[in-house]
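**Student:** Turn this into a structure:
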Amino acid sequence: MLVLHRFFETLRCLDDFLTSAGEGRLGSGARVIRCAADVLMGIAFALYILALIIYGIDVVHLKVPVSKAFRESLWFSSLSITVFFTSFDLLFIGGYVSLVLGLRRLADALPVLINGSETPEGVPECVSDYFRGDAAEVLSRVYRYLLLSLYFYLFAIPLTIFIPFMILTLVNYLSVSSPSSLLEILFASPSLEKAFEDAARVVVETVVRTVLGVLGIVITIAFSVGSLFIRGRAESRGALNFINNVRFFMFEQFAFAIFIIIISMAIPPIIAISFFIPLTLAITIDLIAYIMLTTTMIEHMQSPRGRPRRRPGRLRGPWG
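**Tutor:** As a prediction, this is how the structure comes out:
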């Protein structure tokens, strides 16, 4: 239990640090997003209350049949849900953008955290405590925690768009179709229904496999180019050992991503779209961020400020 608490505490700490740094780069844009989300949340509650009032007036005072009153208030309820999820979608988009923009501040702070004993200015104590030590270990730790944050945002943003879209589609269909006509449409022509389902399944599977294939190509290019680029910057023996650890870690994540892509092509498309495609996207973005952070660390190691200083003393000859 203590391990889980420390894990989620570290995840929250890194996410707060990156999003706050990203909001600083966004400036007034972050405040605009939050204000727009708050306004939409208020509108959503107002529409929901209005739907209840309209339903009560229709049923109690105007003596409208319950089914008809329900349909009239259904539009306001669906709009309320749509606006409600839109406000969350804005918050998730703002959090994702802030998280990505905050990586620059992390790149500036990591060399000081790894090589220094002091906490950089503007870096919380929790980040300083959790991300100190060996450079390769710290980078892999950042990768793991950043992957979870990216996956959360990449999973939540499409979900908050898909749910209100499906609700509006269903409400629109129910408002123009009665239950009897719905059954007639579904069962009047079974062959037409089966042909439509087969065509839709083929289209969805083709789109999913195309997206997964493109992601596989992007991950392969990122791994290959990043590995060669990082290897070409090795000069000292210490940097070479660090780069070897980094390259093997990159290979492990690359192999894991390819495995996820293969699994995604073998499972139903709805599961692949819901879970595995956001995970593959998160791995792709996280791997590129890992390469950039590693490059920053190598450049710092090779700079005069990043190299360890020799102690002043008499130079010794071959015989002492």
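**Student:** how about residue 40, what does it touch?
**Tutor:** Residue 40 is in contact with 83-84, 86-87, 90, counting by Cβ atoms under 8 Å, 6 or more residues apart in numbering. All C-beta atoms are positioned from the backbone trio N, CA, C, and that covers glycine.
**Student:** Was I right to think residue 147 contacts residue 281?
**Tutor:** No. Taking contacts as Cβ atoms under 8 Å, residue 147 lies outside contact range of residue 281: 10.8 Å.
**Student:** returning to that earlier point: please tell me which one of the contacts of residue 40 counts the most neighbours.
**Tutor:** Using other Cβ atoms under 10 Å as the neighbour test, these are led by residue 90, with 22 neighbours.
**Student:** ok, for it, nearest residue in space, not its chain neighbours?
**Tutor:** Among residues not flanking residue 90 along the chain, residue 37 sits closest, at 4.5 Å (Cβ to Cβ, 6 or more residues apart in numbering).
**Student:** And residue 134, by the same measure?
**Tutor:** residue 114 (7.8 Å).
**Student:** host element of the one you found?
**Tutor:** helix 103-115 (DSSP states H and E).
**Student:** picking that back up, save the contacts of residue 40 as CSV, and put in secondary structure, distance to residue 258 and pLDDT too.
**Tutor:** Conversion of those to CSV gives the following (DSSP: H, G, I helix; E, B strand; the rest coil; distance: Cβ to Cβ, whole Å; pLDDT from 0 to 100):
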residue, secondary structure, distance to residue 258, pLDDT
83, helix, 41, 89
84, helix, 38, 90
86, helix, 36, 89
87, helix, 37, 92
90, helix, 34, 92
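**Student:** Let me have those residues in TSV, extended by distance to residue 213.
**Tutor:** Converted to TSV, the contacts of residue 40 look like this (distance: Cβ to Cβ, whole Å):
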residue	distance to residue 213
83	37
84	36
86	32
87	35
90	32
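**Student:** Between those, which sits nearest residue 11?
**Tutor:** residue 90 (22.5 Å; Cβ to Cβ).
**Student:** do you know how far the closest one is from residue 161?
**Tutor:** 11 Å (Cβ to Cβ, to the nearest Å).
**Student:** ok, residue 169 - how many residues close by?
**Tutor:** Residue 169 has 11 nearby residues by other Cβ under 10 Å.
**Student:** hey, C-alpha coordinates of the helix holding residue 114 in PDB?
**Tutor:** Below are the C-alpha coordinates for helix 103-115, written out as PDB (Å, rounded to 0.1, in the frame of the first residue of the first chain):
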ATOM      1  CA  LEU A 103       8.900  19.300 -20.900                       C
ATOM      2  CA  ARG A 104      11.200  22.200 -21.700                       C
ATOM      3  CA  ARG A 105      11.300  23.200 -18.100                       C
ATOM      4  CA  LEU A 106      12.000  19.600 -17.100                       C
ATOM      5  CA  ALA A 107      14.900  19.500 -19.700                       C
ATOM      6  CA  ASP A 108      16.400  22.500 -18.000                       C
ATOM      7  CA  ALA A 109      16.000  21.100 -14.500                       C
ATOM      8  CA  LEU A 110      17.200  17.500 -15.000                       C
ATOM      9  CA  PRO A 111      20.900  18.200 -15.400                       C
ATOM     10  CA  VAL A 112      21.000  20.200 -12.200                       C
ATOM     11  CA  LEU A 113      18.900  17.600 -10.400                       C
ATOM     12  CA  ILE A 114      21.200  14.700 -11.500                       C
ATOM     13  CA  ASN A 115      24.600  16.400 -11.100                       C
END
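**Student:** just how off-centre is that helix within its chain?
**Tutor:** Relative to its chain's centre, helix 103-115 lies at 22 Å (Cα atoms, centre = their mean, to the nearest Å).
**Student:** which regions of this structure lie under the pLDDT threshold?
**Tutor:** Scanning the chain for pLDDT under 70 picks out the ranges 1, 66, 69, 116-117, 173-198, 200, 231-239, 303-320.
**Student:** go with 80
**Tutor:** 1-3, 5, 55, 58-76, 115-121, 133, 168-204, 227-241, 300-320 (pLDDT under 80).
**Student:** Helices of this structure, start to end?
**Tutor:** Using DSSP state H, the helices found in the chain span residues 2-26, 28-56, 66-101, 103-115, 125-130, 135-176, 179-187, 190-231, 237-266, 269-271, 277-302.
**Student:** now the residue most central in space within the chain, nearest residue through space, not along the chain?
**Tutor:** What sits nearest the mean C-alpha location of the chain, by Cα atoms, centre = their mean, is residue 150, with 2.8 Å. In space, and not counting its chain neighbours, residue 150 is closest to residue 282: 3.9 Å by Cβ to Cβ, 6+ apart.
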